[in-house]
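*Asks:* Let's see this in three dimensions:
(chains A and B, ligands or ions: 2)
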Amino acid sequence: MAVSRSPGTPALEQPIVITAFPSSAFDIRKSIRLGLIAGLILVLISAMGLVESFDDRMLIDPILSLGYVLLFLVPLLVGHIAGRLPPLLEGMPAPEHRPRDVLGGLVSGTVASILLALLVIATPVFDLRTLFINLSPTLVGLLTLNQGLASGLLLLVAIGATLGTIGSALHLLPDKWRSALVKSVTWVLGIALLQDLVLQLLRGLGLSFASRLIFTVTGGLSIPATVLIFGILLGAQLSIKTKGESLATRFARLPDSRKRRTLYAAGVLLLVVIVVLPQIVGPYISEVLDLVGLFLLMGFGLNIVVGLAGLLDLGYVAFFAVGAYTMAVLVSPSSPGFAPQLTFWLALPFVVGTAALAGILVGLPVLRMRGDYLAIVTLGFGEIARLLAQSDWLKPFLGGAQGILRIPNIPVGPIELHTPPQLFYPIAAFVALAAYTSWRLQDSRIGRAWMAMREDEDVAEAMGINIVTTKLLAFVIGAILAGFSGAIFAMKIGSVFPHSFNLIFSLTVLVIIIVGGLGSLRGVALGALVIVGLPELLREFNEFRFLFYGIILVVMMRLKPEGLLPRARRAREITEEERAQDVGMPVTATAADPGGT
Amino acid sequence: MSANTEPALKLDNVSTHYGPILVLRNMNIEIFPGEIVCLLGGNASGKTTTLRTIVGMVAPTEGKITLDGVEIAGLDTTEIVGMGISMVPENRRLFSRMTVRENLEMGAYLRKKGNSHQEDLDRIFELFPRVKERLNQRAGTLSGGEQQMVAMGRALMARPKVLLMDEPSMGLAPVLVQSTFEIIKEINRQGTTIFLVEQNANMALLIADHGYVLQTGRIVLADTAENLLNNKMMREAYLGEM
Ligand SMILES: Nc1ncnc2c1ncn2[C@@H]1O[C@H](COP(=O)(O)OP(=O)(O)OP(=O)(O)O)[C@@H](O)[C@H]1O
Ligand SMILES: [Mg+2]
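*Replies:* Ligands and ions are numbered 1, 2, ... in the order given. Below you'll find the model as predicted:
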């Protein structure tokens, strides 16, 4: 329809016509562009050696390795994205996906795999191997599916095209089918990927016989097992009637007395799980859990400093080091200078003391610093801590580069905690303490003062908030939690060395809380599992660990800047800002802020 | 007002430096209980610095500041705010990612007594009915006028004896300026002593009892509002008449 013009406005070149909303998702330029991006990703992961080194890991024996999953996932995903309909305007009727929309996926998948094929062809021609050492004959063999160059590359492109088409065809499925299919595939791949964990769990539950049926001797799911598991999962998903209600909303409807009982029961259940968990999962997984717990403890601490108080501390490892060294000096018989040989428990109060003191020492000089300056100075403090521990000056007390050895075990009554499953208990206890403290703090008076300070330090001060004590308190509490973590770490390893306390340590903790969602306790827990736990379970990732941290961070900041499990408040802060910008109207926030616990 | 009672707030020969730079020199200001006193001056004359000095965010290098006769110069901001001075900062400066309600509650931060802020909230809703509608909205998404209301409400939540306001009319449309000054008058009528910093001399003098004129850190004129409105130099320099 033509828009009527009022006399005053400049004449429009053409009448504005609003056609029926774009009827198709297929847009050849967009599809090619997406295909090129996906192709570049494929080239990159191949040239960096990911495909080749992940090929050693069989997921479905003998047909599918992790390397191929990586290769196949990219065209599948890009096909899915290419097949998406353009975003809707408010109030427009939702258009249907139509079969011809899969053309977008076909184009994208084909373009992506052609790019990869070009890499294979270009490698010998331009001698690319001198630049990218990973472009080996093995890789070429992999990419051509060992079918010879010509037919192999054709096959590669055909597979890419097919996967792209499948990816976009997923849109044509009814929602229920699609989600069931995607979830089942994800679960099967997850089980295959976490084979070690599954094996341990089966053994712990006394089901060892099952593991021989599921996994092959050489590693990976057997084909019949794959089909069976996939079938069961898919069947289960399709037969379950979706209640359309989350547990949380159903819980909210319960009467108060039932609520309390439910919470109580959940608490007891959780306790039981925690008690039996290390026994079931065995020493290796317990070791991973212990590590996750130590990082979680630090995550909770840094979450207070960065997430609540907004003080970007890049030298957080310093407090961890202080805790570890304090413990080592006080309990180890071979502490070089001063060796009171206390027990772990007697030494703990001193750990609290030195960590708190370190918090104040770091906090005082940076009281008036903000943002980037604070980050840079704390970065320096982290390095100073390590250099001090290494220094000749403190060598008579801290042992210099040789560190402190022979740290005894943690005594509890008549027994000594020493193995990973045993150490799980004190770690869990400290994590629980830290979680409870953080949870109580975030909605307390001091929690609000931190938040106000994070927003506007000057105005917070004008409201009567004492900036000095408020800041120092954040540093001190954060330092104490890191100190606990360091103290247990020392007991667990049995020795401390200065080189353990490097920048990467601080950054890992920071990545944990950012990925989880700044300010959110559940987020920190999930972050620690994903960032610390997963790479331990997937050892082939270890070499690429920091690459993945980088990718995760970039992707998170683009797609979900509030984190995986954001605190309700934080999600509001970020998303509504963007929504308000997009829609250009005032937003009404919900009053309810249950707080992320 | 009664000149023989003690001033609520008094600056006696106050000077303030930022580092080596002298920004305020030998200022004398008296504000009596129940008054509106305004401080007029152009850009960079030191108006904001005067307020920052009063609440202790910068320490005066010379002179005395007394609140109800008690010396407050040199105390921490926390203490001074606790003694009954609160401030509506320049440019409102709300906690933009907090809701309106949370902003108001931050204003009462130093009054710990439980959560019984309802009475104060009610009083603020009476002054600013719009604020009540926006209670759960994120402060950063409010309009300029609404932000000014919340900023005033936030300062009032502290139940101040003396309320300091830094250019409340800045950046508002003429209609809103008018109503803002009416509300300031109303807050004063309800019993709060007000020290108002303004560039809009005309409007400020209409509601004020006394006025001071600041030029590059020095008080150059001090008189009743009425006299200032009729002062020749004043009219030429600040009231837009040639
Ligand atoms: N933190 C600071 N450090 C150094 N100089 C400062 C600082 N803050 C303000 N000044 C200087 O002090 C002088 C007075 O500033 P002030 O902010 O008090 O002016 P103002 O009267 O409030 O001006 P405006 O009407 O523009 O708000 C200015 O020259 C300013 O540059
Ligand atoms: Mg100013």
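*Asks:* ok, residues contacting the longest helix along chain B?
*Replies:* The single longest helix within chain B, with elements called by DSSP state H, is helix B:174-189. With contact meaning C-beta atoms under 8 Å, 6 or more residues apart in numbering or on different chains, helix B:174-189 is reached by B:34-36, B:127-128, B:144-145, B:148-149, B:152, B:156, B:163, B:165, B:168-169, B:172, B:194, B:196, B:200, B:203-204, B:206-207. Heads up, the C-betas are built off the backbone N, CA and C, glycines and all.
*Asks:* Give the helix, strand or coil label for B:L214.
*Replies:* strand (DSSP: H, G, I helix; E, B strand; the rest coil).
*Asks:* That one: neighbouring residues, count only.
*Replies:* The tally of other residues near B:L214 (other C-beta atoms under 10 Å in any protein chain shown) stands at 23.
*Asks:* Can you read off the pLDDT for the closest residue to it other than its chain neighbours?
*Replies:* Closest residue in space to B:L214, ignoring its immediate chain neighbours: B:G41 at 3.5 Å, by C-beta to C-beta, 6 or more residues apart in numbering or on different chains. Reading off the per-residue confidence, B:G41 sits at a pLDDT of 89.
*Asks:* moving C-terminal of the longest helix of chain B, what's the next helix or strand?
*Replies:* strand B:193-198 (DSSP states H and E).
*Asks:* mind listing the strands for the chain?
*Replies:* No chain in the question, so chain A it is. Taking DSSP state E as the test, the strands found in chain A are A:58-61, A:64-65, A:221-222, A:410-412, A:415-417.
*Asks:* The intended chain is chain B.
*Replies:* B:9-18, B:21-31, B:36-41, B:62-67, B:70-71, B:85-88, B:162-166, B:193-198, B:210-215, B:218-224.
*Asks:* Just name the most buried of those.
*Replies:* Comparing the strands of chain B by mean neighbour count (mean count of other C-beta atoms under 10 Å in any protein chain shown), strand B:85-88 comes out on top with a mean of 28.
*Asks:* still on that earlier bit, please indicate which of the contacts of helix B:174-189 are buried?
*Replies:* Buried members of those, scored by 16 or more other C-beta atoms under 10 Å in any protein chain shown, are B:34-36, B:128, B:145, B:148-149, B:152, B:156, B:163, B:165, B:168-169, B:172, B:194, B:196, B:200, B:203-204, B:207.
*Asks:* what sits against the nearest residue to A:G293 once chain neighbours are set aside?
*Replies:* Nearest non-adjacent residue to A:G293, counting by C-beta to C-beta, 6+ apart: A:I427, 3.8 Å away. Applying C-beta under 8 Å, 6+ apart to A:I427 gives the contacts A:L289, A:D290, A:G293, A:L294, A:L297, A:I488.
*Asks:* Pull the number of nearby residues for the last one.
*Replies:* Meaning A:I488. Considering only other C-beta under 10 Å, A:I488 is surrounded by 26 other residues.
*Asks:* can you tell me which of the contacts of A:I427 are in helices?
*Replies:* Those of the contacts of A:I427 lying in helices (DSSP H): A:L289, A:D290, A:G293, A:L294, A:L297, A:I488.
*Asks:* Just the closest residue of chain B to chain A, please.
*Replies:* B:V81 (3.6 Å; C-beta to the nearest C-beta).
*Asks:* Can you verify my assumption that that residue contacts B:A158?
*Replies:* Yes. Using C-beta atoms under 8 Å, B:V81 is in contact with B:A158, at 6.7 Å.
*Asks:* what sits in contact with each of those two?
*Replies:* A:M463, A:G464, B:L110.
*Asks:* ok, back up a step: correct me, but the residue nearest to B:L214 touches B:A204?
*Replies:* No. Between B:G41 and B:A204 there is no contact under C-beta under 8 Å: 10.9 Å.
*Asks:* And for whatever residue of chain B ends up closest to ligand 2, the neighbour number?
*Replies:* Nearest to ligand 2 in chain B, going by C-beta to the ion, is B:T48, at a distance of 3.1 Å. Counted with other C-beta under 10 Å, residues neighbouring B:T48 total 16.
*Asks:* And A:G219, by the same measure?
*Replies:* For A:G219, using other C-beta under 10 Å, the count is 14.
*Asks:* so what's the residue of chain B closest to chain A up against?
*Replies:* Per C-beta under 8 Å, 6+ apart, neighbours of B:V81: A:A462, A:M463, A:G464, B:V55, B:L110, B:A158.
*Asks:* Which ones among these lie within helices?
*Replies:* Using DSSP H, the contacts of B:V81 in helices are A:A462.
*Asks:* Among the contacts of B:V81, list the two that are farthest apart in space.
*Replies:* Greatest spacing in these, by C-beta to C-beta: B:V55 and B:L110 (12.5 Å).
*Asks:* and those two? which has more neighbours close in?
*Replies:* Comparing B:V55 with B:L110 by other C-beta under 10 Å, the one with more neighbours is B:V55, at 23 against 19.
*Asks:* Show me the shaky parts of the chain.
*Replies:* Answering for chain A, as no chain was given. Within chain A, the segments meeting pLDDT under 70 span A:1-25, A:87-95, A:241-246, A:568-597.
*Asks:* my question was about chain B
*Replies:* Short version for chain B, where the test is pLDDT under 70: B:1-4, B:112-116, B:238-242.
*Asks:* mind redoing it with 50?
*Replies:* Scanning chain B for pLDDT under 50 picks out B:1-3, B:241-242.
*Asks:* Domain map for it?
*Replies:* Following the assignment in automatic domain parsing, chain B carries domains at B:1-84+B:167-181+B:191-242, B:93-159.
*Asks:* cool, and chain A?
*Replies:* Domain ranges of chain A: A:1-172, A:175-253, A:283-513, per automatic domain parsing.
*Asks:* ranking the ones you listed by burial, who's on top?
*Replies:* Greatest average neighbour count among those goes to domain A:283-513 (a mean of 20), per mean count of other C-beta under 10 Å.
*Asks:* Tell me the gap between that domain and the middle of its chain.
*Replies:* 21 Å (C-alpha atoms, centre = their mean, to the nearest Å).
*Asks:* before we move on, what about stretch A:151-162?
*Replies:* 33 Å.
*Asks:* What of stretch B:51-58?
*Replies:* 12 Å.
*Asks:* Sitting in helices, which of the contacts of helix B:174-189 do you find?
*Replies:* Reading helices off these with DSSP H, I get B:L127, B:G144, B:G145, B:Q148, B:M149, B:M152, B:L156, B:M203, B:A204, B:L206, B:I207.
*Asks:* isn't A:L296 right next to A:A528, touching?
*Replies:* Yes. A:L296 is within contact range of A:A528, at 4.3 Å (criterion: C-beta under 8 Å).
*Asks:* contacting residues around the nearest residue to A:L314 once chain neighbours are set aside?
*Replies:* Nearest residue to A:L314, sequence neighbours excluded (C-beta to C-beta, 6+ apart): A:L379, at 4.1 Å. Residues in contact with A:L379 (C-beta under 8 Å, 6+ apart) are A:L314, A:G315, A:L503, A:S506.
*Asks:* now, among the residues you listed, which is nearest to chain B?
*Replies:* Set against chain B, the nearest of those by C-beta to the nearest C-beta is A:L314 (23.1 Å).
*Asks:* Ligand 1 versus that closest one, what's the distance?
*Replies:* Relative to ligand 1, A:L314 is positioned 27 Å away (C-beta to the nearest ligand atom, to the nearest Å).
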